[in-house]
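A.B. asks: Sequence first, then the predicted structure, then my questions.
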Amino acid sequence: MFTGNGIKIFSGTSHPELAEIITRRLGIPLSKAEVMKSGIGETSVRIAESVREDDVYIINTGCNQVNTALMELCIMVHACKIASAKRITAIIPLFPYARQDKKDKSRAPITAKLVANMIQKSGCDHVVTMDLHASQIQGFFDVPVDKLYAEPSVIQYIRTNFALSDIVIVSPDAGGAKRATSIADRLGVDFALFHKERKKANEVSRMVLVGRVKGKTAILVDDMADTCGTLCLAAQHLSEAGATRVFGLVTHGILSGNALKAIEESALEKLIVTNTLPQQENQEKCSKIEVIDIGNVLAEVVRRSHYGESVSKLFDEVPY
């Protein structure tokens, strides 16, 4: 039984709902911290209870005002470090700047590496994240990084809500083929993918479907949905190729710009996202958004980490 002795869980302002879900699952209260912003935008943090020799977990995700969320996290880690916390773990479901993971043009920064340095230098001993956009980001840290997968929760959702004989798993691009084939193999269903050509970032010029979807329910899977241009275009192509129903299933529903309007007007029947980012407002604005709760997975990681147990079991199973 989890007692909660010697453990403190704090939340930044980016996703307090997720922190509440995690602490409720663990049966312990959310620890108190005051996070304020001055008139010129500076973040101020006060840890309102003792953390001396405690195992501290700080939950903040890379959404909305991402720079604010990142600074909050670093300042909270630093505050706990100089208050003599025994170990500090940053739980960052969506890692900020994960798409800036390589030098893809002259004089371009590798911002994900800079972010890793900031978190580490602030005093973080351990990082937990989910479905990193690029796996090599783990190597940017000199402290342990547990990269969790939404795949078990996604597979559970598909098994519960769809007839496996009717579905085909589709990757919207070649980069996501590994994720999609892994899900398709574990479900024992067919797989298809799109080959896409871009004129520039976030703008797709041409998409070619590789695989058969006629008469099937097509489920598009990806790690994140931002502007949703690719996802909506892929859904249109799948519908034209004879798919009877089209769904989107992504880990991180960023949904920026006109994404919600694009989803509402698209061939997608539903876009299913996890709650690595707050989705209540998006659900109110778009009737097609459905949410999978991954709070139980993160709560189990906290419990296992606190007691020194392996977390690799969670790569394949959803905790109950």
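C.D. replies: Looks like it arrived, so ask away.

A.B. asks: residues touching Cys74, list them.
C.D. replies: With contacts defined as CB atoms under 8 Å, 6 or more residues apart in numbering, Cys74 is in contact with 118-119, 122. Using the backbone N, CA and C atoms, a C-beta is placed for each residue, glycine as well.

A.B. asks: Assumed it was part of a helix.
C.D. replies: Yes - counting by DSSP: H, G, I helix; E, B strand; the rest coil, Cys74 is found in a helix.

A.B. asks: start to end distance for stretch 302-317?
C.D. replies: Its first and final residues considered, stretch 302-317 spans 16 Å by CA to CA, to the nearest Å.

A.B. asks: List the buried residues of that stretch.
C.D. replies: Residues of stretch 302-317 classed as buried by neighbour count (16 or more other CB atoms under 10 Å): 302-306, 311, 314.

A.B. asks: Also stretch 45-61?
C.D. replies: Neighbour-count burial for stretch 45-61, with 16+ other CB under 10 Å as criterion, is recorded at 45, 47, 51, 54-61.

A.B. asks: can you give me the helices for the stretch 151-300 of the chain?
C.D. replies: Remark: helices of the stretch 151-300 of the chain, listed N- to C-terminal, are 151-161, 177-187, 229-240, 259-265, 280-285, 295-306; assignment by DSSP state H, counting those that start in this stretch.

A.B. asks: Break this protein down into its structural domains.
C.D. replies: What automatic domain parsing lists as the domains of the chain is 7-149+295-315, 151-292.

A.B. asks: Save these as CSV, and put in mean pLDDT too.
C.D. replies: Shown next, in CSV, are the domains of the chain (pLDDT from 0 to 100):
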stretch, mean pLDDT
domain 7-149+295-315, 95
domain 151-292, 92
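
A.B. asks: ok so, going back, closest one of the buried residues of stretch 45-61 to Gln280?
C.D. replies: Each of the buried residues of stretch 45-61 was checked against Gln280 using CB to CB; the closest is Thr61, at 14.3 Å.

A.B. asks: I figured that closest one was touching Leu18, is that so?
C.D. replies: Yes - look at Thr61 against Leu18 with CB atoms under 8 Å: they come within range, at 7.2 Å.

A.B. asks: tell me the SS of the residue nearest to Ala83 when sequence neighbours are not counted?
C.D. replies: The shortest distance from Ala83 to any non-neighbouring residue, by CB to CB, 6 or more residues apart in numbering, is to Val51 (5.1 Å). The local conformation at Val51, judged by three-state DSSP, is coil.

A.B. asks: For Val51, list the residues it contacts.
C.D. replies: For Val51, the set of contacting residues under the criterion of CB under 8 Å, 6+ apart consists of 8, 31, 80, 83-85.

A.B. asks: ditto for Val273
C.D. replies: Applying CB under 8 Å, 6+ apart to Val273 gives the contacts 225, 249-253, 255, 279, 289-292.

A.B. asks: let's see it at 10 Å
C.D. replies: The contact partners of Val273, taken as CB atoms under 10 Å, 6 or more residues apart in numbering, are 150, 224-225, 248-255, 279, 282-283, 289-292.

A.B. asks: and the gap between Asp55 and Ile21?
C.D. replies: Distance check for Asp55 against Ile21: by CB to CB, to the nearest Å, it reads 19 Å.

A.B. asks: about what we covered before: if you look at the buried residues of stretch 45-61, which of them are in strands?
C.D. replies: Using DSSP state E, 45, 47, 55-59 are the members of the buried residues of stretch 45-61 that sit in strands.

A.B. asks: which pair in these spans the largest distance?
C.D. replies: Comparing every pair within those by CB to CB identifies Val45 and Asp55 as the most remote, at 19.1 Å.

A.B. asks: how close does Leu314 sit to Phe194?
C.D. replies: Taking CB to CB as the measure, Leu314 and Phe194 are separated by 30 Å.

A.B. asks: Can you give me the neighbour number for Glu238?
C.D. replies: Quick fix: residue 238 reads Leu, not Glu. Using other CB atoms under 10 Å, the number of residues around Leu238 comes to 29.

A.B. asks: my guess is it contacts Leu220, does it?
C.D. replies: Yes - with contact defined as CB atoms under 10 Å, Leu238 reaches Leu220; the gap is 7.5 Å.

A.B. asks: which SSE is Leu70 in?
C.D. replies: Applying DSSP states H and E as the criterion places Leu70 in helix 66-81.

A.B. asks: how about that helix: buried residues?
C.D. replies: With burial defined by 16+ other CB under 10 Å, the residues of helix 66-81 counted as buried are 66, 68-81.

A.B. asks: before we move on, what about stretch 8-16?
C.D. replies: By neighbour count on 16+ other CB under 10 Å, the buried set for stretch 8-16 is 8-12, 14-15.

A.B. asks: Spit out the contact partners of Ser153.
C.D. replies: Neighbour list for Ser153: 130, 251, 274, 292-294, 296-297, 314, 317-319 [criterion: CB under 10 Å, 6+ apart].
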